[in-house]
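**Q** have a look; sequence and predicted model below, questions after that.
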Amino acid sequence: TGKIEDTSADNSIVSVEGNILTIHSTGQTTLTVRVKEDENYAAVSLVVPVMVKAKPVGCADELLLDHKDEVSFFAYNTSEIVKGPFAIDRDKGVPGTLAFQHYGASWDLGIQYYSGTIKAQYTTDDNSNWVDAKEVTPKEDQATTETGIALPRNATQIRFVRPSGGTGYHYVSNIQVHPAQYLETEDNVEEVNFGEILIGSTVTTSLNINYSNIKSEIYPVLSSNELSTDPVVFGQCGAFGTQTLNISWRPSVASDVVEETLTLRDELTGMVKEVKLTAIVIKGEQKITWSRPGTITTCLEFPEETDVHVAVEWEMVSGEDCASFEGNMLNIYKSGNIQVKGSAAESDNYKAYSIVYNFVVDYNPTYIGDDGNWNDPNNWNICRVPLEEEAVTVDAPLELSTSVTVEGLVIAANGTIHITSTGGLSVAEGGIQGAKEDGSSIIIDNKPEGAGFLKVHPAATKKPAKVTINYTTAAYNSGNLRDEVWQYMGAPG
């Protein structure tokens, strides 16, 4: 119901406009068709392998033996007469059938004498043993053509014999051996069993294809896109030989028995060979692939699914006081050793999977934000705002516009704290470490409308040597420069 949104392919081979595919040249490509979403159905893509091949034109048989001259048997013979042998040119092909022409004439000695037969024979071992292929009785003064006389594929020579007792004249001519025509598997294999295939893996097996006198290129046709062959085409018109076909299978669905088909076809001769392909596809193994740390210093997002897109459930095995999961997010609370477990359920195609990891938690709440906002959980390595009883580290510029309290404070190399006129920082007995001696690490605003503050517990032994206070003064009565209209900040009396 959806309309084609887009297509793509190798434009030198085919191109698509709308739903019309135009062929430009022979070759292989992959056609991708995308159908856009409509009100009832989601968008979908389909990838189709496309092969464009030339229309076969055929070719004439190449004769393995073509002897046109007459072979003559004269008068009366009291013993066997042999003519030949004639060699079959096996470099040109595999012997298939024999054809020849024959006729006879009387022996006229006042009385006409005419009798006898002619035998066509072949050998497979060069003259040692001769086997009758056809015995004929030549007709007097009438030429007869014999065709389609079967020869074994290993025949090497042909000869003609007139048995003893023949009379008259016998003639044989136009002796031809035509190549055999076949397309078959070696040892007549009808089924190839791939055995067990682990889903997601590829298994390749080989099948030998014997062929002779084919009239078009052979394109192996497979019943599933999960199968492929190497080569994807073989042979040419008139060719003969053996082709090793490598068949690869990468199944995507687990099943006790899977059956597919390999079809070999010579389009011009109609020769077809089908081979059944079978396999048992067993469920695959899942795994979790990620770069996991040995030490955890921040909240950590664990993988949501395995490598084959099965959901993973995470749980704490030990160290619950140091960390806990919220979905696949691990939140940390204090330093210590933890052990976690991830589990993926069994699916139609994959076995259940579980794995246990051990981690060291190094807990140190650290401000790492880039917008200066203390109260944004995303600005903290622990993915939450620290509690008042926790010591923190500031490792980025921080602007405090509200009052906050911490147990202790470390100002790291990249950290600065700017306390605005509405903000304040209270530090308990943990004190402040890392502040620069020149007072630039902590800056406090003091303005007429309010003043920021910094409080450090008297028992704290670690305090900044110096802080910077920005004073701002303003006249309340413009134009009258009297002492009483100026704001003044000094040491308490």
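**A** Thanks, I have the structure now.
**Q** nearest the geometric middle of this structure, what residue?
**A** Using C-alpha atoms, centre = their mean, the residue of the chain that lies closest to the mean C-alpha position is Arg250, 8.5 Å off.
**Q** how close does the spatially closest residue to that residue that is not a sequence neighbour get to Thr289?
**A** Across the structure, with C-beta to C-beta, 6 or more residues apart in numbering as the measure, the residue nearest Arg250 apart from its sequence neighbours is Thr202 (4.3 Å). To be clear about C-beta, it is placed using only N, CA and C from the backbone, and glycine gets the same treatment. Summarising the geometry, the distance separating Thr202 from Thr289, computed by C-beta to C-beta, to the nearest Å, is 19 Å.
**Q** likewise for Val385?
**A** As judged by C-beta to C-beta, Val385 and Thr289 stand 33 Å apart.
**Q** these two: who's more crowded?
**A** Between Val385 and Thr289, counted using other C-beta atoms under 10 Å, Val385 has the larger neighbour count: 17 against 8.
**Q** contacting residues for the more buried one?
**A** Contacts of Val385 were listed using C-beta atoms under 8 Å, 6 or more residues apart in numbering, and they are Trp374, Asn375, Asp376, Pro377.
**Q** buried subset of those residues as a ChimeraX selection?
**A** Typed into ChimeraX, the next command selects the buried ones out of these (criterion: 16 or more other C-beta atoms under 10 Å):
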select :374
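**Q** filter the contacts of Val385 down to the ones in strands?
**A** Using DSSP state E, no member of the contacts of Val385 sits in strands.
**Q** now render the contacts of Val385 as CSV, adding pLDDT.
**A** Output for the contacts of Val385, formatted as CSV (pLDDT from 0 to 100):
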residue, pLDDT
Trp374, 94
Asn375, 93
Asp376, 94
Pro377, 93
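**Q** what's the closest of the contacts of Val385 to Asn40?
**A** Set against Asn40, the nearest of these by C-beta to C-beta is Pro377 (40.8 Å).
**Q** pretty sure that closest one is touching Cys383, no?
**A** Yes: taking contacts as C-beta atoms under 8 Å, Pro377 lies within contact range of Cys383: 5.6 Å.
**Q** strands along the stretch 251-400 of the chain, start to end?
**A** Ranges of strands in the stretch 251-400 of the chain, per DSSP state E, counting those that start in this stretch, are 255-265, 272-282, 295-296, 300-301, 312-318, 323-326, 329-332, 336-344, 353-361, 366-367, 391-394, 397-400.
**Q** in the sheet, which strands lie alongside the second one, parallel or antiparallel?
**A** In the sheet, strand 272-282 lines up against strand 191-198 (parallel), strand 255-265 (antiparallel) (DSSP bridges).
**Q** that older thread, what's around the residue nearest to Arg250, how many residues?
**A** 12.
**Q** pLDDT wise, what is it at?
**A** The pLDDT attached to Thr202 in the predicted structure is 95.
**Q** ramachandran angles for it?
**A** phi -120, psi 130 (degrees, to the nearest 10).
**Q** so what's it up against?
**A** For Thr202, the set of contacting residues under the criterion of C-beta under 8 Å, 6+ apart consists of Ser248, Trp249, Arg250.
**Q** quick check: the residue nearest to the centre of the chain vs Val257, distance?
**A** Summarising the geometry, the distance separating Arg250 from Val257, computed by C-beta to C-beta, is 17 Å.
**Q** cool, Tyr182 as well?
**A** 31 Å.
**Q** more neighbours, these two?
**A** Neighbours around Tyr182 and Val257, counted as other C-beta under 10 Å, are more numerous at Tyr182. The numbers are 18 against 8.
**Q** helices of the stretch 101-250 of the chain, start to end?
**A** Per DSSP state H, counting those that start in this stretch, the stretch 101-250 of the chain has no helices. Nothing in it meets that criterion.
**Q** can I get the strands of the stretch 251-400 of the chain in TSV with mean pLDDT and distance to Glu39?
**A** Formatted as TSV, the entries for the strands of the stretch 251-400 of the chain read as follows, by pLDDT from 0 to 100; distance: least, C-beta to C-beta, whole Å:
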stretch	mean pLDDT	distance to Glu39
strand 255-265	95	36
strand 272-282	96	37
strand 295-296	96	47
strand 300-301	95	35
strand 312-318	97	34
strand 323-326	96	37
strand 329-332	95	36
strand 336-344	97	35
strand 353-361	96	39
strand 366-367	96	48
strand 391-394	96	53
strand 397-400	94	49
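**Q** which one of those lies nearest to Gly148?
**A** Checking the strands of the stretch 251-400 of the chain against Gly148 by C-beta to C-beta gives strand 272-282 as the closest, at 21.4 Å.
**Q** pull the distance from the closest one to the chain's centre.
**A** Strand 272-282 has its C-alpha centroid displaced from the chain centroid by 21 Å (C-alpha atoms, centre = their mean, to the nearest Å).
**Q** again with stretch 414-426
**A** Using C-alpha atoms, centre = their mean, the offset of stretch 414-426 from its chain centre is 56 Å.
**Q** Leu64 and Asn210, how far apart?
**A** Following C-beta to C-beta, the distance that separates Leu64 from Asn210 is 17 Å.
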